[in-house]
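Participant: coordinates for the following, if possible.
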Amino acid sequence: MESVLSSVSFFPGGFLETLNHRDDLLSFNPTSKTVKTVSFSNDKEDQALLRKFTQFGRDHYEGHPNFVPLLDAEHLGSTLLGMIGYFEKKNFFYEHGEARFFLAYKDGKIAGRLVAFVNDDHEKHWKDGVGFFGHFECIEDEDVARDLLEHASAWLRARGKTIIRGPQNFPINESTPGFMVEGFESRPIVYYHYNHPYYADFMRSLGYREREGVRSWEISFPDNQIEEKLGPLAKRIVEKNGIEFEHWGERSIKIRKQEMFEIYNDAWSDNFGFVPFTRKEFDKIVDDMVLILDKKLFVFAYVDGEAAAFFGAVPNIFESLAPRKGFDPEAFRVARLLLQRKSHQGVRTGYLGVKRQFRKIGLDAVLIWKQNQYAIDRGYHYSDMGWVLESNPLMVRMIERFGGRPSKRYVVFEKSLAVPGESRPAMEKGAPGKPGNAPSLNQ
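Facilitator: Predicted coordinates for the structure are as follows:
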């Protein structure tokens, strides 16, 4: 074990910390005497611990019918599959961010995990002093949760952060933020994570406050009210504004990337949690998405020849990736995904962007109506639509109006890292209760 942990720093919850991470001890006074927390990086020498970090996320939910793990390659990377993992040092995130991984041990066994990170692009955009935690998993033991979060807080405080917020998993702007607090029995949907119900209880008990909520709804095809409720209005909007439509495949992927990149970064700039994409990050996400794409699920709207908005969905690949009983290695899951890529019954609808100059003409409603027509023709059975910020009541009301049934709800928590006597920074744009100006569904 010494060889595995030779490059690892142990925080004062158990062992002495190595000198090169002495700054993590600033203003830190651990409360747990029974939990031992280890801190490590994603450098080459720490790969064994990173694999344990990833594996614990799977083992923690073994046999749970509502948990569908991502492929290990999505976290750790795979040369064979051509994937750069979210945790890999060469991931584009680490060009503007820094992360530290934590594993908590109790009674000699891994009992919890999380990653703490800072995102320079977030700070440049919001200037709010926020640091983040994500990929949190923990046994039902508040001491373990407390120890992990205290270590994450110490690491963030040492980097000048005044607020800890989360969970926010990787990849930023794509993973659903927050802990699931409703919808534990809902069907698994790609890009939505499952977690134990007691996680939110831990947060409240440890002094974290609710910062923002996000929700999703399920609609059925063809049994919804989209045509009835939105059809007449959408047709008038199209006629009045001369709107033209294209699906993904009608232009080159190079043009589609450019259009989506410009629309997204313009449309979402005021929304809670938004972090501008770098072009390399955005292109990588699109390249990965194309592997599972039904191109006609992506609709682009043009006003006077200008790309004004897009709305898209991806097949719910969790139908294929859900673990089977018995021997079911990752290679089998990948094979099912490839073989069943054109036979999924449902979709996850969550890619929406409307340029600010076109927000007031109703393009979001028009695109939902247009996509609904194809989904029915194609024979899809359902869509999970989200996520939607609870601070965006206009979209919430519209989805409920055409028959969306509540599916999932997640809550983002945060806590001040200021020492007693220090003032808390003012709340940034996009605060709860203050509707943002951006469109409604995430990316």
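Participant: the one helix or strand residue 112 maps to: partners in the sheet, and parallel or antiparallel?
Facilitator: Taking DSSP states H and E as the definition, residue 112 sits inside strand 109-119. Applying DSSP bridges, strand 109-119 is found paired with strand 97-106 (antiparallel), strand 130-138 (antiparallel).
Participant: now those strands in a markdown table, with mean pLDDT and mean neighbour count?
Facilitator: Any C-beta I mention is one placed from the backbone N, CA and C, and that applies to glycine too. Formatted as a markdown table, these follow (pLDDT from 0 to 100; neighbours: other C-beta atoms under 10 Å):
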| stretch | mean pLDDT | mean neighbour count |
| --- | --- | --- |
| strand 97-106 | 97 | 21 |
| strand 130-138 | 98 | 25 |
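Participant: these into a markdown table, with extra columns for distance to residue 242?
Facilitator: Conversion of the strands paired with strand 109-119 to a markdown table gives the following (distance: least, C-beta to C-beta, whole Å):
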| stretch | distance to residue 242 |
| --- | --- |
| strand 97-106 | 43 |
| strand 130-138 | 42 |
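Participant: of all these, which lies closest to residue 342?
Facilitator: strand 130-138 (31.5 Å; C-beta to C-beta).
Participant: excluding its backbone neighbours, what's nearest residue 372?
Facilitator: In space, and not counting its chain neighbours, residue 372 is closest to residue 226: 4.4 Å by C-beta to C-beta, 6 or more residues apart in numbering.
Participant: partner strands of the helix or strand hosting residue 212, parallel or antiparallel?
Facilitator: Here residue 212 sits within strand 209-220, counting by DSSP H and E. Counting by DSSP bridges, the strands paired with strand 209-220 are strand 382-389 (antiparallel), strand 405-416 (antiparallel).
Participant: show the subsequent helix or strand relative to that strand.
Facilitator: Downstream of strand 209-220, the next assigned helix or strand under DSSP H and E is helix 226-241.
Participant: can I get that following helix in CSV? Just the C-alpha atoms.
Facilitator: Provided in CSV are the C-alpha atoms of helix 226-241 (Å, rounded to 0.1, in the frame of the first residue of the first chain):
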residue,chain,number,x,y,z
ILE,A,226,-47.9,20.2,-27.9
GLU,A,227,-49.7,20.3,-31.2
GLU,A,228,-53.0,21.5,-29.5
LYS,A,229,-51.4,24.1,-27.2
LEU,A,230,-48.4,25.3,-29.3
GLY,A,231,-49.4,24.5,-32.9
PRO,A,232,-51.6,27.4,-33.8
LEU,A,233,-49.3,29.9,-32.1
ALA,A,234,-46.1,28.4,-33.6
LYS,A,235,-47.6,28.6,-37.1
ARG,A,236,-48.4,32.3,-36.7
ILE,A,237,-44.9,33.0,-35.4
VAL,A,238,-43.3,31.1,-38.4
GLU,A,239,-45.4,33.0,-40.9
LYS,A,240,-44.9,36.4,-39.3
ASN,A,241,-41.1,36.1,-39.0
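Participant: quick one: the strands in the protein, in order.
Facilitator: Along the chain, counting by DSSP state E, strands occupy 9-10, 36-40, 97-106, 109-119, 130-138, 163-166, 179-182, 209-220, 243-247, 299-303, 306-315, 346-354, 382-389, 405-416.
Participant: could you save these as TSV and add columns showing distance to residue 397?
Facilitator: Below are the strands of the chain laid out as TSV (distance: least, C-beta to C-beta, whole Å):
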stretch	distance to residue 397
strand 9-10	50
strand 36-40	45
strand 97-106	36
strand 109-119	32
strand 130-138	29
strand 163-166	27
strand 179-182	18
strand 209-220	12
strand 243-247	23
strand 299-303	22
strand 306-315	18
strand 346-354	16
strand 382-389	11
strand 405-416	13
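Participant: measure stretch 165-181 end to end?
Facilitator: The first and final residues of stretch 165-181 sit 16 Å from each other (C-alpha to C-alpha, to the nearest Å).
Participant: in that stretch, which residues are buried?
Facilitator: Neighbour-count burial for stretch 165-181 flags 165-181 (criterion: 16 or more other C-beta atoms under 10 Å).
Participant: ranges for the helices of the protein?
Facilitator: With DSSP state H as the criterion, the chain has helices at 47-59, 72-76, 120-126, 142-157, 198-205, 226-241, 253-267, 279-290, 318-321, 330-339, 363-378, 393-401.
Participant: just say which of these is most tucked in.
Facilitator: helix 142-157 (a mean of 24; mean count of other C-beta atoms under 10 Å).
Participant: and that helix with strand 97-106, angle?
Facilitator: Helix 142-157 runs at 150 degrees relative to strand 97-106, counting by axes from the mean of the first three to the mean of the last three C-alpha atoms, to 10 degrees.
Participant: return the alpha-carbon coordinates of helix 142-157 using CSV.
Facilitator: These are the backbone C-alpha positions of helix 142-157, laid out as CSV (Å, rounded to 0.1, in the frame of the first residue of the first chain):
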residue,chain,number,x,y,z
GLU,A,142,-22.7,12.1,8.3
ASP,A,143,-19.2,12.0,9.7
VAL,A,144,-17.9,10.8,6.4
ALA,A,145,-19.7,13.5,4.5
ARG,A,146,-18.5,16.2,6.9
ASP,A,147,-14.9,15.1,6.6
LEU,A,148,-15.0,15.0,2.8
LEU,A,149,-16.6,18.5,2.6
GLU,A,150,-14.3,19.9,5.2
HIS,A,151,-11.3,18.8,3.2
ALA,A,152,-12.7,20.2,0.0
SER,A,153,-13.5,23.5,1.8
ALA,A,154,-9.9,23.7,3.1
TRP,A,155,-8.5,23.1,-0.4
LEU,A,156,-10.7,25.7,-2.0
ARG,A,157,-10.1,28.3,0.8
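Participant: how distant is that helix from the center of its chain?
Facilitator: A distance of 21 Å separates the centroid of the chain from that of helix 142-157, by C-alpha atoms, centre = their mean, to the nearest Å.
Participant: out of the strands paired with strand 109-119, which gets nearest to residue 407?
Facilitator: Once those are compared by C-beta to C-beta, strand 130-138 is nearest, at 21.9 Å.
Participant: got a list of what residue 222 touches?
Facilitator: Applying C-beta atoms under 8 Å, 6 or more residues apart in numbering to residue 222 gives the contacts residue 376.
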